[in-house]
Structure formats: structure tokens, C-alpha cells
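> one predicted model, sequence on top.
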Amino acid sequence: MGVVEEHIHAFVVVGYMSFLSYLINGISLGSIYAIIALGYTMVYGIARMLNFAHGDIIMVGGFVIFTIVSTMGMPPLLGILAAVAACTVLGVVIERVAYKPLRGASSLAVLITAIGVSYLLQNVALLIFGSNARQFTSVVNVPSLKLADGALSISGVTMVTIATCLIIMVGLTQFINKTKVGQAMLAVSEDQGAATLMGIDVNRTIAITFAIGSALAAIAGALLCSTYPSLTPYTGSMPGIKAFVAAGFGGIGSIPGALIGGVLLGVIENLSKAYISSQLSDAIVFSVLIVVLLVRPTGILGKKIMEKV
């Protein structure tokens, strides 16, 4: 092999490894979006409402972990458990106080309320923690994995994020399909009136849905802030919007759709940043969503909802 051929071979290998690195990091980012999107898709699938305050619950989870781990010096696992508990309670309180009274109201009223709750959480966080970014200490202490003689390095956070997403997806699917509460959720998602006649407590089922979605938001917050270790009262806003895009992309109301939409969104965003423009990556992501929804309005795995008259 000549000198030119060796240089070409080396260039191709480096380019391939870079692509693999961007792809894996995109899957990791997409896994975070997928976990967040589950909260949107479950609440919409069961309660037929969009909880736009969901992204700010991620921020609350991040600040709970920050307070316990960085300020109080407690172990990371304790911080994660505390964040899950706090966000679960917060999700149920938000549902009971803000959304339950609007159960029969118009979609616009629910949307305005959700935006109001979002601003409330952001401003409370601003009041308590201030606007300065806090340095978040990673809760993942797993060593990086070196492949191809060190040419490809996969961080511990990336591996834990992807594994966590897959475990949550499998566990949640089993929970929905195999438990009484899961079956009640399916019944409520199909027809709330019929579910009530069957003896299912619709209010309790919706509250449990909010609790699960909020607990997942806390986990997503821990993974997001471990990947991008900067925490502000607005940390959850853009990931929340992108997760909503992922839910719509995959088919809102579909759990596998949340996974597919999240991973695709993360990969498109990361590859766009790497090969096109970091400034245009968000525009490309939203453009892809528009194209998908024009071709398939219900998303990749979404099903058409028949309105009762």
C-alpha cells in the first residue's frame, strides 16, 4: 500500500469512527428525549391533554439532585431517589390542583393552564436558586468504554442513558400490559365513560399516569444534567419541547412511538450539528417533524382517534 493509499485509509477510518461517535451520542440524547416523551405520550393517551409543564419537572428533578448531592454532600443514588419522589408528588399535585378541575374544559383552557404552571415552576426556581447556571455533578460513575484500540470512546453516561431508556421502555410496556393498573390505563385511554361504568376509578388512574410521567422526568433530568452539566431554571424548557416533538414524531399516545421518535430526533439533531450546522440543527429537527406530519399526521406509530358524536 502506497503513502497516498495509507493516508486515504486513515482518513476513512477516522471519518467512520467520528460518524459512529456522533451516532452513538445521538442515540444517547434521543434516549433522554424518549424518556421525557413518555410523560407526554402517556398523559395524552390516557387523559387526552398536553402537559406542557412536563419539561419544567425535569428542571425540578435536577435541582433536587443538585441540592442533595452538591450542597448536602449525600450519595448520588439518594439524590436520584429523592428527585423521583419529589417529582412524583409534584406531578400528582399539579394534576389535582391545575388539571383535574379542567377535565371537561376545552383544549385551549388546558393548554393555557399548562403554560401557566410551566412559568410558575420556572419563576419559583428563579426565586430560590437565582438565574446563574449551577455546575451539576454527574450522578453516573461508570468508566468509558474504549473500542478499536481507543479510536472510539463511549462515555459511561452514554451507556447508562441508553441502557436506562431500554429498561424503562420494557418495564413500562410490561406494566401496561400485565398489571391491573396498566389495564385500567388502557381502558381509560379507549373510553373514559365506559371505563367508569366498568368500575374503574378514572381520577385515580389519571393521577397514577401523571405520577409515572413525573418520576420518569426526574430520571431524565438526572441523565440530561449528567450529560450536559449545567443547571438553570430554564434547563427543562428546550428538552421538553423537543421531547414533545419526539412524541409527535413517533406517534403521540404510543409508547414504542416515543422511543422511535426520541432516538430519531436525537440522531438527526446530533448529525446535523456535526455535519451541517450547530446553529441550524434545531431548525432541521423541526423541519423533519413538519415533513413527517404532512405525510403521516398521526406520526410514525400513531393511530387515528375517532371522535364520538
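The structure has been received and is ready for your questions. Numbering: from 1, shown residues only.

> give me the below-cutoff pLDDT ranges for the stretch 51-200 of the chain.
Along the stretch 51-200 of the chain, no part satisfies pLDDT under 70.

> what segments of it are helices?
Along the stretch 51-200 of the chain, counting by DSSP state H, counting those that start in this stretch, helices occupy 54-65, 76-94, 107-129, 156-178, 180-190, 192-197.

> go through the ones you listed and name the closest to residue 287.
helix 54-65 (21.1 Å; CB to CB). For the C-beta atoms, the positions are set from N, CA and C on the backbone; glycine is no exception.

> other SSEs contacting the closest one?
Counting contacts by 3 or more CB pairs under 8 Å, 6 or more residues apart in numbering; DSSP states H and E, helix 54-65 packs against helix 3-47, helix 76-94, helix 107-129, helix 202-227, strand 230-231, helix 237-250.

> okay, the helices of the stretch 51-200 of the chain in CSV with distance to residue 141 and mean neighbour count next?
Below are the helices of the stretch 51-200 of the chain laid out as CSV (distance: least, CB to CB, whole Å; neighbours: other CB atoms under 10 Å):
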stretch, distance to residue 141, mean neighbour count
helix 54-65, 14, 28
helix 76-94, 7, 19
helix 107-129, 25, 15
helix 156-178, 7, 17
helix 180-190, 33, 17
helix 192-197, 44, 14
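
> format those as TSV; extra columns: distance to residue 295.
Compiled in TSV, these are given as follows (distance: least, CB to CB, whole Å):
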stretch	distance to residue 295
helix 54-65	27
helix 76-94	34
helix 107-129	24
helix 156-178	25
helix 180-190	25
helix 192-197	31
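
> out of the ones you listed, which comes closest to residue 242?
Residue 242 lies closest to helix 54-65 among the helices of the stretch 51-200 of the chain, at 8.9 Å (CB to CB).

> thinking again about what came up before, of the helices of the stretch 51-200 of the chain, which is nearest residue 145?
Proximity to residue 145 (CB to CB) singles out helix 156-178 among these, at 6.4 Å.

> who touches the closest one?
24-25, 27-28, 31-32, 34-35, 38, 138, 140-145, 181-183, 185-186, 212, 216, 219, 223, 226-227, 255-256, 259, 262 (CB atoms under 8 Å, 6 or more residues apart in numbering).
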